[in-house]
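Novice: Using only what follows, build the 3D model:
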Amino acid sequence: MDMSFVAERGLVLLGCGKMGSAMLEGWLKDGLPASSVWVQDPYPSDWVQASGVHVNVDLPAQPAIVLIAVKPQIMAEALPVLQPMGNGETLFVSVAAGIGIAHYEEVLGADTPVIRAMPNTPAAVGKGITAIIGNTMAAAAQMDLAQSLLEAVGQVVRLESEGQMDAVTGVSGSGPAYVFHMIETLAAAGEAQGLAPDLAMALAKATVAGAGALAESADETPAQLRVNVTSPNGTTQAGLEVLMDDGAGLPPLMVKTVAAAAERSRELANG
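Specialist: Predicted coordinates for the structure are as follows:
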């Protein structure tokens with residue numbers, strides 16, 4: 001991140017809950033001076049108040065970046081306050097779910113550089129993945145800047161069109177909940193085979209976390225990793241024959257799951 005540019009002009013963080021706090025912590029660790037950050041939040045945590053950033057005071061007139069991390073339902077009252085910063089050089093980056101770029105252009109002005117981002121909850125522990133898309137006013141350097149900011153909480157990918165956000169919501173936005181449920185069901189299945197609940201849950205959590213870490217760090221594809229641990233006619237093959245069934249197994253279920261979440265995302269976006 002071009003710390004000098006951001007430090008000189010200032011960064012405004014609108015909303016500092018779990019996601020905002022995780023990002024702020026990452027920026028400060030990366031060397032962004034606390035004195036160049038302005039936080040607006042009705043209930044700032046003790047950590048935020050002790051971090052050295054400006055909290056709930058007058059904002060700079062034309063900051064380098066305004067990062068919007070408030071809940072969508074309070075956007076209506078929060079956004080108009082920022083209107084004077086629109087149609088200028090200030091870049092607006094939004095991590096608010098379900099609010100499209102067009103809404104920001106409508107409120108802030110059509111010439112406002114806007115980047116929409118969709119992070120997911122593992123960002124709170126620096127393990128997130130965020131998809132970004134900018135409007136036509138967002139320059140390449142501003143896209144790079146937004147990516148640097150969001151890399152403080154994990155990986156960043158760029159989309160080709162805003163319409164892909166609904167699919168991203170279905171996969172990575174809602175996806176952590178699917179994995180949490182898989183842990184629940186894996187543990188319950190262990191209990192059904194005679195394991196104590198605490199033991200079954202410990203095994204399920206560590207198995208999913210370990211497999212995820214291995215999938216991310218390995219050079220092989222997840223499909224190849226699956227093959228590697230599947231001995232012919234062994235225990236893993238017996239389990240996979242049930243799980244991978246094209247009619248009643250995980251493949252059709254996952255397609256329906258992601259499609260349902262993506263469709264709901266489209267419905268919410270259309271009011």
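
Novice: When you work out contacts or count neighbours from here on, use the C-alpha atoms and nothing else.
Specialist: OK.

Novice: where does Phe5 land on pLDDT?
Specialist: Listed pLDDT for Phe5 reads 78.

Novice: Three-state assignment for it, please.
Specialist: Of the three states, Phe5 takes helix under DSSP: H, G, I helix; E, B strand; the rest coil.

Novice: Report how many residues lie close to the closest residue to it other than its chain neighbours.
Specialist: Nearest-residue entry for Phe5: Ala64, 7.3 Å, with adjacent residues in sequence omitted and distances by C-alpha to C-alpha, 6 or more residues apart in numbering. Number of residues near Ala64 (other C-alpha atoms under 10 Å) recorded here: 20.

Novice: can you tell me which residues contact Ala64?
Specialist: Applying C-alpha atoms under 8 Å, 6 or more residues apart in numbering, we find Ala64 in contact with Phe5, Val6, Arg9, Gly10, Leu11, Glu89, Thr90, Leu91.

Novice: May I see the buried residues of whichever strand or helix holds Ala211?
Specialist: Using DSSP states H and E, Ala211 falls within helix 197-217. Of all the residues in helix 197-217, those buried under the rule 16 or more other C-alpha atoms under 10 Å are Ala200, Met201, Leu203, Ala204, Lys205, Val208, Ala215.

Novice: So Ala269 sits against Ala97, correct?
Specialist: No - using C-alpha atoms under 8 Å, Ala269 is not in contact with Ala97; the gap is 9.4 Å.

Novice: okay, these two: which has more neighbours?
Specialist: More crowded of Ala269 and Ala97, by other C-alpha under 10 Å: Ala97, with 20 against 13.

Novice: Distance-wise, check that one relative to Ile68.
Specialist: Ala97 sits 10 Å away from Ile68, going by C-alpha to C-alpha, to the nearest Å.

Novice: again, but for Ser94
Specialist: 5 Å.

Novice: can you check Leu145 too?
Specialist: Leu145 is 15 Å from Ile68, by C-alpha to C-alpha.

Novice: between these two, who's got more neighbours?
Specialist: Per other C-alpha under 10 Å, whichever of Leu145 and Ile68 has more neighbours is Ile68, with 24 against 18.

Novice: Show me where the protein has its strands.
Specialist: 11-14, 37-40, 54-55, 65-68, 91-94, 114-118, 128-134, 154-158 (DSSP state E).

Novice: Which of the ones you listed sits closest to Gly239?
Specialist: strand 128-134 (29.9 Å; C-alpha to C-alpha).

Novice: Strand partners (parallel or antiparallel) of that closest one?
Specialist: According to DSSP bridges, strand 128-134 forms sheet pairs with strand 114-118 (antiparallel), strand 154-158 (parallel).

Novice: Nearest the geometric middle of the protein, what residue?
Specialist: Nearest residue to the geometric centre of the chain (C-alpha atoms, centre = their mean): Pro119, 1.2 Å.

Novice: Please tell me I have it right and it contacts Gln147.
Specialist: No - here Pro119 does not reach Gln147: they are 11.5 Å apart, not a contact under C-alpha under 8 Å.

Novice: Could you check the pLDDT of the residue nearest to the centre of the chain?
Specialist: pLDDT, read off for Pro119, is 94.

Novice: returning to that earlier point: pipe the strands of the chain into JSON lines and attach distance to Val171 per row.
Specialist: Compiled in JSON lines, those are given as follows (distance: least, C-alpha to C-alpha, whole Å):
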{"stretch": "strand 11-14", "distance to Val171": "26"}
{"stretch": "strand 37-40", "distance to Val171": "30"}
{"stretch": "strand 54-55", "distance to Val171": "35"}
{"stretch": "strand 65-68", "distance to Val171": "22"}
{"stretch": "strand 91-94", "distance to Val171": "19"}
{"stretch": "strand 114-118", "distance to Val171": "11"}
{"stretch": "strand 128-134", "distance to Val171": "11"}
{"stretch": "strand 154-158", "distance to Val171": "13"}
